[in-house]
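J.: The amino acid sequence is not available; the structure is as follows:
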């Protein structure tokens, strides 16, 4: 191995970047040098030649010694934690904690003998202080005050986060397993909605699930904000912002203070709503057409109702601070220059803090105010949905979904440039179901920058998505441990894993969920190191078990052997509903789109073998009369199998309840398949309305 390759790999290791990985077939793969350079460059490292690599490696290894306090310290409640402090050799310092509630606690220095190091011509020493075990949960400040020589510049304060050792489950989930409905809300159209399922439809669906099936929760797709102008990204997992909500889900039938609308305005809104209802007749969800109708109606409502809500909007502005203004500003600029800020906007608008952006804000105050009002309105309706589901008998209520990342040209990408890696996309290496690998086109957090800013963007995002939820599903929760970074211009299989401080991220997730009174479900499917699942169990985070993926010794895993701390389901949104899976819909789609890496005959034979094994296991268990029973009987038997598991949560996909066969999403595709655009349908592929569901068998 050359000296340069050795330095490259040592720098990668120092920065938490993998240099090799194991593929789904058990083969060891080396990360290409070009990928390592690109990943490290995105983390701010110089990698041009051997000298640059050596200098970057030295900086990476000595980084803690260049500042007095670490930027962020995460402590588990009830445990003592050491904080390492760096200062000029021979000098002294006082360290204290300024608690979130206002108290000040002096910390005790403890014995710690380490030889000083020469850093940039100065001798730097290391001291240790102990955080007491009785600090309250919350976000505190570490403050260093010099007793002699000055502190190292710019590092006299740090963030201390005291987090729960374990996130406790709600009492009703501890008492006995609970069932709930899984659905993509946009699919669930009703006669009164405008071409897409809305928050009013969510209430109707949830009340029916609680009343008729005894369900305690409804888990929906991410409701994150999408583009405010066409074309709107159809994937709820590629939002423009994860902190804010997509106003397309506003229910026009439930506008607060609607009785204050003048008659003419009420008539205009009713006419637009009727035009939107005509979109329910389509066999594909047209978000652009839906939002065109809703936006027109909501603009009319804003002109007349906005003043009635000034106090509420002002409170929201105060709560969200500059982030809400940044989001509304991005939406306003996007309406003028398009949604691709990095490629299409004038350069002077690339910086959210620039004078040009301030000038735009002054010139577009009404448009920005409208966007902020929409955020208040959609949150108002979300809070109403939460209360309605609880009042309707659901012990948990709404369970939200947190996407892995954001659109590379979206509002969060613009506002949070300093904490995101540019020129990188999150994805996944090749696996059994996506044999070419995946590129999700989402810029990842930079782990170093997250720590430097005290994890504030991560915390604020969590608070927003937990605000009206009784639970949160975290898509690809493995991303809080490591993410597959795919450099621009590289194939998905040419990426590298980048490690994150999971102790910090999982701890903060537990803290914010505990404060919201919510449970957390981690989608921990795919390639997962065993210790990761053990860590999640230790922290009280539920895993996810999908029946099609639960195998042991070449057979479906017996229900008694399922994990207890998990959400157990038969299917997931990344494979067809059960009726479609049994009919090999997933093979047909991938064969048609050339996504298979082995002959279709071989793929078909393998899947038919798995399905036969599933049918035989159900028959042996007495849940199915014969391995050759009809599809409906097999689907029912699979759900009966699910009920035998010890899983604390059982999830029932609405698509399975109505016999839908079409895949909601085909990973690895974009426009080749109508991902996220298909409304709910029956076995005949004919769309169903919500009224058909709640009045049907």
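T.: Thanks, I have it. Just so it is clear, the model here is predicted, and its values are computed rather than measured.
J.: Check whether residue 87 sits in a helix, strand or coil.
T.: strand (DSSP: H, G, I helix; E, B strand; the rest coil).
J.: burial measure for it, as a count.
T.: 24 (other CB atoms under 10 Å). To be clear about C-beta, it is placed using only N, CA and C from the backbone, and glycine gets the same treatment.
J.: swap in residue 318?
T.: Counted with other CB under 10 Å, the neighbours of residue 318 add up to 9.
J.: residues in contact with it?
T.: Contact partners of residue 318, counting by CB atoms under 8 Å, 6 or more residues apart in numbering, are absent.
J.: Do you know the pLDDT at it?
T.: On the pLDDT scale, residue 318 is placed at 96.
J.: Go ahead and list the helix or strand containing it.
T.: helix 310-320 (DSSP states H and E).
J.: Name the residues of the helix or strand just after that helix that are buried.
T.: Following helix 310-320 in sequence order, the next helix or strand is helix 322-337 (DSSP H and E). Buried residues in helix 322-337, counted by 16 or more other CB atoms under 10 Å: 323, 324, 325, 326, 327, 328, 329, 330, 331, 332, 333, 334.
J.: Ok, stretch 172-192 next?
T.: Neighbour-count burial for stretch 172-192 flags 173, 178-190, 192 (criterion: 16+ other CB under 10 Å).
J.: So which of the residues you listed belong to strands?
T.: 178, 179, 180, 181, 182, 183 (DSSP state E).
J.: Would you mind giving the residues you listed as JSON lines with distance to residue 566 and pLDDT added?
T.: Shown next, in JSON lines, are these (distance: CB to CB, whole Å; pLDDT from 0 to 100):
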{"residue": "178", "distance to residue 566": "12", "pLDDT": "97"}
{"residue": "179", "distance to residue 566": "14", "pLDDT": "97"}
{"residue": "180", "distance to residue 566": "13", "pLDDT": "98"}
{"residue": "181", "distance to residue 566": "17", "pLDDT": "98"}
{"residue": "182", "distance to residue 566": "14", "pLDDT": "98"}
{"residue": "183", "distance to residue 566": "19", "pLDDT": "98"}
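J.: which stretches of the stretch 301-450 of the chain have low pLDDT?
T.: By pLDDT under 70, the weakly predicted segments of the stretch 301-450 of the chain are 432-433.
J.: Kindly report the same for the chain.
T.: Applying pLDDT under 70 to the chain flags residues 1-2, 432-433, 697.
J.: Next, the buried residues of the helix ranked longest in it.
T.: Assignment by DSSP state H gives helix 365-391 as the longest helix of the chain. Under the neighbour-count criterion of 16+ other CB under 10 Å, helix 365-391 has 367-382, 384-386, 388-390 buried.
J.: same deal with stretch 32-46?
T.: Buried-residue list, stretch 32-46, by 16+ other CB under 10 Å: 32, 33, 35, 36, 37, 38, 39, 40, 41, 42, 43, 45.
J.: roughly how far is that stretch from the heart of the chain?
T.: Distance of stretch 32-46 from the chain centroid (CA atoms, centre = their mean, to the nearest Å) equals 25 Å.
J.: for stretch 143-154, same thing?
T.: 39 Å.
J.: what's the first-to-last distance across it?
T.: 12 Å (CA to CA, to the nearest Å).
J.: Residues contacting that stretch, please?
T.: Stretch 143-154 has contacts (CB under 8 Å, 6+ apart) with 66-69, 85-88, 90-98, 124, 155-157.
J.: one more time with 7 Å
T.: Applying CB atoms under 7 Å, 6 or more residues apart in numbering, the contact partners of stretch 143-154 are 66-69, 85-88, 91-96, 98, 156-157.
J.: which of those residues count as buried?
T.: 67, 68, 69, 85, 86, 87, 88, 93, 95, 156.
J.: what is the fifth one paired to in the beta sheet?
T.: Applying DSSP bridges to residue 86 yields these beta-bridge partners: residue 126.
J.: That one and residue 63 touch, don't they?
T.: No: at 10.3 Å, residue 86 does not count as touching residue 63 under the criterion of CB atoms under 7 Å.
J.: and the nearest residue to residue 616 once chain neighbours are set aside, how many neighbours?
T.: Counting by CB to CB, 6 or more residues apart in numbering, residue 627 is the residue found nearest to residue 616 once chain neighbours are left out, at 5.0 Å. For residue 627, the count of nearby residues is 16 (other CB under 10 Å).
J.: Residue 484 looks like it's in a strand, true?
T.: Yes: Residue 484 sits within a strand when classified using three-state DSSP.
J.: isn't it right next to residue 495, touching?
T.: Yes: using CB under 7 Å, residue 484 is in contact with residue 495, at 4.9 Å.
J.: Find the residues that touch each one of the two.
T.: Joint contacts of residue 484 and residue 495 (CB under 7 Å, 6+ apart) are 427, 429.
J.: Can you pull the phi/psi pair for the spatially closest residue to residue 502 that is not a sequence neighbour?
T.: Using CB to CB, 6+ apart and skipping the chain neighbours, the partner closest in space to residue 502 is residue 481 (4.4 Å). The phi/psi pair for residue 481 (degrees, to the nearest 10) reads phi -110, psi -50.
J.: go on, residue 488?
T.: phi -60, psi 130.
J.: what's around it, how many residues?
T.: Residue 488 has 12 nearby residues by other CB under 10 Å.
J.: dump the residue contacts of it.
T.: So residue 488 contacts residue 423 (CB under 7 Å, 6+ apart).
J.: helix, strand or coil for the residue nearest to residue 616?
T.: coil.
J.: I'd guessed it sits against residue 617; true?
T.: No: taking contacts as CB under 7 Å, residue 627 lies outside contact range of residue 617: 9.1 Å.
J.: can you redo the buried residues of stretch 32-46 as CSV with secondary structure and distance to residue 117?
T.: Below are the buried residues of stretch 32-46 laid out as CSV (DSSP: H, G, I helix; E, B strand; the rest coil; distance: CB to CB, whole Å):
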residue, secondary structure, distance to residue 117
32, coil, 34
33, helix, 30
35, helix, 32
36, helix, 27
37, helix, 28
38, helix, 31
39, helix, 28
40, helix, 24
41, helix, 27
42, helix, 28
43, coil, 23
45, coil, 21
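J.: Now residue 458: which helix or strand?
T.: helix 456-466.
J.: Show residues contacting that helix.
T.: With CB under 7 Å, 6+ apart as the test, helix 456-466 has contacts from 242-243, 323, 400, 402, 416, 419, 450, 472, 505, 508-509, 512-513, 516, 518.
J.: If I take it and helix 310-320, what angle do their directions form?
T.: 140 degrees (axes from the mean of the first three to the mean of the last three CA atoms, to 10 degrees).
J.: Can you get me the start-to-end distance on stretch 575-586?
T.: End to end - CA to CA - stretch 575-586 spans 7 Å.
J.: Which elements pack onto the helix or strand containing residue 211?
T.: Using DSSP H and E, residue 211 maps to helix 199-213. For helix 199-213, the elements it packs on are strand 217-220, helix 365-391, helix 690-694, judged by 3 or more CB pairs under 7 Å, 6 or more residues apart in numbering; DSSP states H and E.
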